[in-house]
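1. Predicted model, plus sequence, below.
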Amino acid sequence: MRRRTRNSMAMGETDLLALRYLLEAETAGQEVRPKELAARLGMTSASMTALVDRMATSGYITRQPHPSDRRAIILRPTRGADEEVRHTLGKMHGRMIEVAESLSDEEAKAVLHFLLHMREAVDEIDVDGE
């Protein structure tokens, strides 16, 4: 689903993750500075500057002055970016719902059984190596 959204919006993975975070922050009423976004994505300040420039030029985000710190800026997603994400994901989610609703009870049980066992298998993996 991410790949399709990236391709539809002509964005890289990091750009899409940044936009997703900014959209979530906007919904929650939170202000995001480039430094905070860089920390969230594990990026250097130079890489963040390039990402912000690229996304602003593409019309996905705007830079706005921070309300109380004249030295800082706030990153905000544009209305167009929000609408494009909703449109792209809306079509995908609609199709996914159609497929899920077309499953018989037995097929749905088999899918659920598989997913539960896969989650258990992944949860058993010791990623810390301890």
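-> That came through, no problem.
2. Grab the most central residue of the chain for me.
-> Central residue check for the chain by Cα atoms, centre = their mean: the C-alpha nearest the mean position is that of residue 20, 3.1 Å away.
3. Tell me how far the spatially closest residue to that residue that is not a sequence neighbour lies from residue 126.
-> What sits nearest to residue 20 in space, not counting adjacent residues and going by Cβ to Cβ, 6 or more residues apart in numbering, is residue 85, at 7.8 Å. In this view, the C-beta of every residue, glycine as well, is placed from N, C-alpha and C. As defined by Cβ to Cβ, to the nearest Å, residue 85 lies at a distance of 36 Å from residue 126.
4. Which of those two has more residues huddled nearby?
-> The residue with the greater number of neighbours, taking residue 85 and residue 126 and applying other Cβ atoms under 10 Å, is residue 85; the counts read 19 against 6.
5. That one: helix or strand, and which one exactly?
-> Following DSSP states H and E, the helix or strand that holds residue 85 is helix 79-102.
6. who does that helix touch, helix- and strand-wise?
-> Counting contacts by 3 or more Cβ pairs under 8 Å, 6 or more residues apart in numbering; DSSP states H and E, the secondary-structure elements packed against helix 79-102 are helix 2-9, helix 13-27.
7. Between those, which has the poorest mean confidence score?
-> Ranked by mean pLDDT, the helices and strands packed on helix 79-102 bottom out at helix 2-9, which scores a mean of 59.
8. Poorly predicted segments of this structure, please.
-> Scanning the chain for pLDDT under 70 picks out the ranges 1-10, 128-130.
9. what residue of it is the furthest out?
-> In the chain, the residue most distant from the centre (Cα atoms, centre = their mean) is residue 106, at 33.1 Å.
10. Kindly confirm my reading that it is in a helix.
-> Yes. Read with DSSP: H, G, I helix; E, B strand; the rest coil, residue 106 is one of the residues of a helix.
11. how much space between it and residue 113?
-> Residue 106 sits 10 Å away from residue 113 when distances are taken as Cβ to Cβ.
12. rewinding a little: check the spacing between the residue farthest from the centre of the chain and residue 33 real quick.
-> For residue 106 relative to residue 33 (Cβ to Cβ), the value is 52 Å.
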